[in-house]
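> Sequence and predicted structure below; questions after.
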Amino acid sequence: MQKIAIIQVSDAGRQVALTLQQEFHARIINRKDVQKEWKNFEAFVFIGAMGICVRTIAPMVNDKHEDPAVICVDSFGHNAISVLSGHVGGANELTDQVASALGAMPVITTQSDNAGLWALDTLGERFNWPIASEDDMNECIFAFVNKRPTALLLDVRDEGTDYLERTLPEHVSLISDIGEIPSGRFELLIAVSPYILDYPEGMLVLHFVPMVGTIGFGLAHQAEPAEEIYDAIDEAFSKRGVLPCASKYCTIDLKADEPFIDVLRDNDENVQFFTSEELASVKVPNPSDVVKNHVGTASVCEAAAILGSNHGELIIEKVKGANYTAALAIDKKYLRLRKGHIEIVGAGPGDPDLVSVRGRRLLEQADLILYAGSLVPRELTMCHKPGAVVRSSASMALEEQCELMKEFYDKGKNIVRLHTGDPCIFGAIQEQMAFFDAHKMDYHITPGISSFLAAAAELRSQFTIPERTQTIILTRGEGRTPMPEKEKLHLLARSQSTMCIFLSAAIVDDVQSELLMEYPEDTPVAACYHLTWPDQRIYRGKLRDLAKIVHDNNLTLTTMLVVGESIDNRKGLSELYSSHFTHMFRKAKE
């Protein structure tokens, strides 16, 4: 959190100052102390006239890379104005935050902001991208904000590159290789790449280095000089075309007390250790019997790099130095279109808005969206990019679905398999994952919002209540799919917990009979049909009437049955809000 000073110029601005002090944990200082405190705060917020603000800071203003952020808010909190260090110092961002806290109008005069363009001079700090190129930043900014033809090269995918793709200006062209650049077409190249690039002649270049690498390393005992190993690894990787891009260093736990570990920690590097057993489980291209005899695993550096990168791709195999070995891997989630990728995305129970921000972003990037058409509204796929293929799987056999996804995968495309709710809860992904595994296809799962969560929200009920019920059981009745013997419904019902029963409206008579073996007949129940869909219907009642409720209202398979005293219960109050714990809040406030 920024260290912020607030300067209240007149009594009229007192309430504004107090509001901002509380919201930003800021310190109110006297105007005459601004010069003395100029280097002690990251931002100054003046409450009062702009002229007073400008005259106060004028003697201290030096350079945008050194000056703190300064904004000015009128005494009534109607306008928040970015005054100094808009991008680099964070004044523009703080202006938006202050305006939001006050319900004020943010006033930002920076050209790139008002033109909807990227602030090139803040991208590096914002996304932790060091800059590898040597061209003058101001020249690059001038060319960019004046909309000179710009090429954008993205060799990885991370939060920052996702942002660039989502907000791509009209004068920027996305390229996949520097060799694609026709002579004289572009004036500026913006690259986000961990690789050493052969920059085109006659172009301005702004090359950001994403910190996506994981370095695995091995060490000779008490390897010295330890300080030189740090630079030696970077130099060795540079000779193989990769810039210093490590976000993590990994090795065997036997080396935890080596001098080089202290060097890494002194440089604020993230260090992770693995046991020899963990390392030995990883298949590597260059195993060593000598290493195995010494430490119990045939690989340290390569295995550590792979483990530390979540079983990512080994970009640089084992490099041997005088007293170290090193390898570099990159987590597969950062790799861009070298091969296909399948993302199994969970949506909500029905409402198109109930999808995670991440899920929405993946839908926007996908080359193929294969959605469960009978359960997922097509409106959810309308955010697809131009040229993407959007298909419903409702009429497709499993084999057809898998073959379609493999067709796109083999072309190096991004595929989203879109499921209702959370795909891992009574979903249909097991057979798909078996297919992906059998064909060594890369995939990942993005969770969704399950219908049991929607049921709690729509019932306005807390499903876990202290001293009454602290367990939620997610299950189904026994229909055509047999239940494991230990999971029979009447056995699960013994705890009388909150029970959410999926896919069981068609066998509700059997469900009710089993539940009545353990729950009292007056236990509250709810039958929730098409949760969050436009035609949602919810029926409340008692357990003895559950089957009648379902039959009388012709409820179908898309019905969630909820049983338990947590439904509509307002009697069990959380201890957090009980009078017994009130003293905790008083003490914390003091």
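Received it, and whenever you're ready, just let me know what you need. Numbers count the residues shown, from 1 in each chain.

> can you give me the strands in the stretch 51-200 of the chain?
For the stretch 51-200 of the chain, the strands defined by DSSP state E, counting those that start in this stretch cover 69-73, 79-84, 105-107, 150-154, 172-175, 188-192.

> which one of those has the most crowded surroundings?
For the strands of the stretch 51-200 of the chain, average neighbour numbers computed from mean count of other CB atoms under 10 Å are highest in strand 69-73, which has a mean of 28. Where C-beta positions appear, they are placed from N, C-alpha and C, glycine not excepted.

> List the strands paired with it, with their directions.
If you go by DSSP bridges, strand 69-73 pairs up with strand 43-47 (parallel), strand 79-84 (antiparallel).

> Mind putting those strands into a markdown table with distance to S309 and mean pLDDT?
Listed next are the strands paired with strand 69-73 as a markdown table, based on distance: least, CB to CB, whole Å; pLDDT from 0 to 100:
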| stretch | distance to S309 | mean pLDDT |
| --- | --- | --- |
| strand 43-47 | 37 | 97 |
| strand 79-84 | 40 | 94 |
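
> which residues touch L123?
Going by CB atoms under 8 Å, 6 or more residues apart in numbering, L123 touches W129, G160, F208.

> Now intersect those residues with the helices, please.
G160 (DSSP state H).

> Can you pull out the low-pLDDT segments for the stretch 51-200 of the chain?
87, 111-116 (pLDDT under 70).

> ok, now the chain?
In the chain (pLDDT under 70), the answer is 1, 87, 111-116, 337-338, 572-590.

> how near is R166 to E159?
For R166, the distance to E159 (CB to CB, to the nearest Å) stands at 11 Å.

> Give me the neighbour count for K385.
For K385, the neighbour count with other CB atoms under 10 Å is 13.

> Just to check, it is in contact with Q365?
Yes - in terms of CB atoms under 8 Å, K385 counts as a neighbour of Q365; the distance is 6.9 Å.

> Who are the contact partners of the closest residue to A104 other than its chain neighbours?
Distances taken as CB to CB, 6 or more residues apart in numbering place A80 nearest to A104, at 4.8 Å, with adjacent residues excluded. By CB under 8 Å, 6+ apart, the residues touching A80 are I71, C72, V73, T95, V98, A99, L102, A104, M105, P106, V107.

> same deal with K3?
For K3, the contact set (CB under 8 Å, 6+ apart) comprises N40, F41, E42, A43.

> Highest neighbour count among the residues you listed?
Neighbour counts for those peak at A43, which has 23 neighbours (criterion: other CB under 10 Å).

> I'd like the distance between the one residue sitting closest to the centre of the chain and L503.
Nearest residue to the geometric centre of the chain (CA atoms, centre = their mean): R358, 6.5 Å. For R358, the distance to L503 equals 27 Å [CB to CB].

> For the stretch 101-250 of the chain, which segments count as helices?
Taking DSSP state H, counting those that start in this stretch as the test, the helices found in the stretch 101-250 of the chain are 111-114, 120-127, 137-145, 159-166, 226-238.

> What of the stretch 301-450 of the chain?
Going by DSSP H, counting those that start in this stretch, the stretch 301-450 of the chain shows helices at 301-308, 357-365, 398-409, 430-438.

> So M560 lies in a strand, does it not?
Yes - under DSSP: H, G, I helix; E, B strand; the rest coil, M560 falls within a strand.

> which residues does it bridge with?
C528.

> can you count the residues close to it?
Look at M560: counted by other CB under 10 Å, it has 27 neighbours.

> cool, and the one 3 residues further on?
The tally of other residues near V563 (other CB under 10 Å) stands at 24.

> can you pull the contacts of the closest residue to it other than its chain neighbours?
Leaving out its chain neighbours, the residue that sits closest to V563 by CB to CB, 6+ apart is M499, at 4.6 Å. If a contact means CB under 8 Å, 6+ apart, then M499 has I472, I473, T475, L492, A493, L515, V562, V563, G564 as its contacts.

> which parts of the helix or strand harbouring M499 are buried?
Element membership for M499 (DSSP states H and E) is strand 498-502. For strand 498-502, a neighbour-count test (16 or more other CB atoms under 10 Å) marks T498, M499, C500, I501, F502 as buried.

> what's the fourth one in contact with, if anything?
For I501, the contacting residues are T475, R476, G477, L489, V511, M560, L561, V562, V563, taking CB under 8 Å, 6+ apart as the criterion.

> Report the contact partners of the nearest residue to V61 once chain neighbours are set aside.
Of all residues not flanking V61 in the chain, D67 sits nearest, at 6.0 Å (CB to CB, 6+ apart). Residues counted as contacts of D67 (CB under 8 Å, 6+ apart) are M60, V61, L84, S85, G89.

> Help me confirm that the last one comes into contact with A69.
Okay, so that is G89. Yes - judged on CB under 8 Å, G89 makes contact with A69 at a distance of 4.0 Å.

> Can you pull the residues that touch both of these two?
When contacts are counted by CB under 8 Å, 6+ apart, G89 and A69 are jointly contacted by E42, A43.

> Not counting its neighbours along the chain, what's nearest D351?
That would be T532: by CB to CB, 6+ apart, it lies 3.9 Å from D351.

> Next: L168.
Distance criterion CB to CB, 6+ apart; nearest residue to L168, sequence neighbours excluded, is L174 at 6.6 Å.

> possible to save the helices of the stretch 101-250 of the chain as a markdown table with distance to V376?
Shown next, in a markdown table, are these (distance: least, CB to CB, whole Å):
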| stretch | distance to V376 |
| --- | --- |
| helix 111-114 | 37 |
| helix 120-127 | 32 |
| helix 137-145 | 40 |
| helix 159-166 | 23 |
| helix 226-238 | 45 |
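
> wait, which of these is closest to A434?
Nearest to A434, of all those, is helix 159-166, at 30.0 Å by CB to CB.

> Output the closest one as PDB, restricted to C-alpha atoms.
Extracted in PDB, the C-alpha atoms of helix 159-166 (Å, rounded to 0.1, in the frame of the first residue of the first chain):
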ATOM      1  CA  GLU A 159      -1.400 -11.200 -17.100                       C
ATOM      2  CA  GLY A 160       0.300  -8.400 -19.000                       C
ATOM      3  CA  THR A 161       0.100  -9.900 -22.400                       C
ATOM      4  CA  ASP A 162      -3.500 -10.700 -21.900                       C
ATOM      5  CA  TYR A 163      -4.000  -7.000 -21.100                       C
ATOM      6  CA  LEU A 164      -2.200  -5.900 -24.200                       C
ATOM      7  CA  GLU A 165      -4.300  -8.300 -26.400                       C
ATOM      8  CA  ARG A 166      -7.600  -7.200 -24.900                       C
END
